[in-house]
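Participant: For reference, the sequence and a predicted model appear below.
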Amino acid sequence: MPVMNGWQFRAEQRQDPDLSEIPVVVLSAGEHLAEQMQPLEIEDFVRKPIDLGHLLRKIERYCA
């Protein structure tokens, strides 16, 4: 993302009452994702490289 990274986006998203309850699934190759997710109330993550079936199951879980 050219203006901010995903962690910055989530911090901004949480400030907007209309957007803050939207579940977030992070796609990342980064380390320590579970620890980084907790303070930002991120629902889940998928590691890169992405397995499409795994990603779709996560999306289905939070969009059902």
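Facilitator: Here it is on my side, so go on.
Participant: contact partners of the longest helix anywhere in the chain?
Facilitator: In the chain, ranked by residue count with DSSP state H as the criterion, the top helix is helix 52-63. Residues from elsewhere that reach helix 52-63 (C-beta atoms under 8 Å, 6 or more residues apart in numbering): 23, 25, 27, 43-44, 46. Quick note: C-beta positions are derived from backbone N, CA and C, even for glycine.
Participant: now do 10 Å
Facilitator: 22-25, 27, 43-47, 51 (C-beta atoms under 10 Å, 6 or more residues apart in numbering).
Participant: Closest to residue 2 out of the residues you listed?
Facilitator: residue 27 (16.9 Å; C-beta to C-beta).
Participant: so which helix or strand takes in the closest one?
Facilitator: strand 25-28 (DSSP states H and E).
Participant: Which SSE is immediately downstream of that strand?
Facilitator: Heading C-terminal from strand 25-28 (DSSP H and E), you reach helix 33-37.
Participant: Sketch out the low-pLDDT regions of this structure for me.
Facilitator: The chain contains residues with pLDDT under 70 at 1.
Participant: mind listing what's buried in stretch 46-63?
Facilitator: 46, 58 (16 or more other C-beta atoms under 10 Å).
Participant: how about that stretch as PDB, C-alpha atoms only?
Facilitator: Written as PDB, here are the backbone C-alpha positions of stretch 46-63 (Å, rounded to 0.1, in the frame of the first residue of the first chain):
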ATOM      1  CA  VAL A  46      -2.700 -16.200   6.400                       C
ATOM      2  CA  ARG A  47       1.000 -16.600   5.700                       C
ATOM      3  CA  LYS A  48       2.600 -16.000   2.300                       C
ATOM      4  CA  PRO A  49       3.000 -17.700  -0.100                       C
ATOM      5  CA  ILE A  50      -0.800 -18.000   0.000                       C
ATOM      6  CA  ASP A  51      -2.700 -21.300  -0.400                       C
ATOM      7  CA  LEU A  52      -5.800 -20.100  -2.200                       C
ATOM      8  CA  GLY A  53      -8.100 -22.700  -0.600                       C
ATOM      9  CA  HIS A  54      -6.900 -21.800   2.800                       C
ATOM     10  CA  LEU A  55      -7.500 -18.100   2.200                       C
ATOM     11  CA  LEU A  56     -11.000 -18.700   0.800                       C
ATOM     12  CA  ARG A  57     -11.900 -20.800   3.900                       C
ATOM     13  CA  LYS A  58     -10.800 -17.900   6.100                       C
ATOM     14  CA  ILE A  59     -12.800 -15.400   4.100                       C
ATOM     15  CA  GLU A  60     -15.800 -17.600   4.200                       C
ATOM     16  CA  ARG A  61     -15.500 -18.000   8.000                       C
ATOM     17  CA  TYR A  62     -15.700 -14.200   8.500                       C
ATOM     18  CA  CYS A  63     -18.100 -13.300   5.800                       C
END
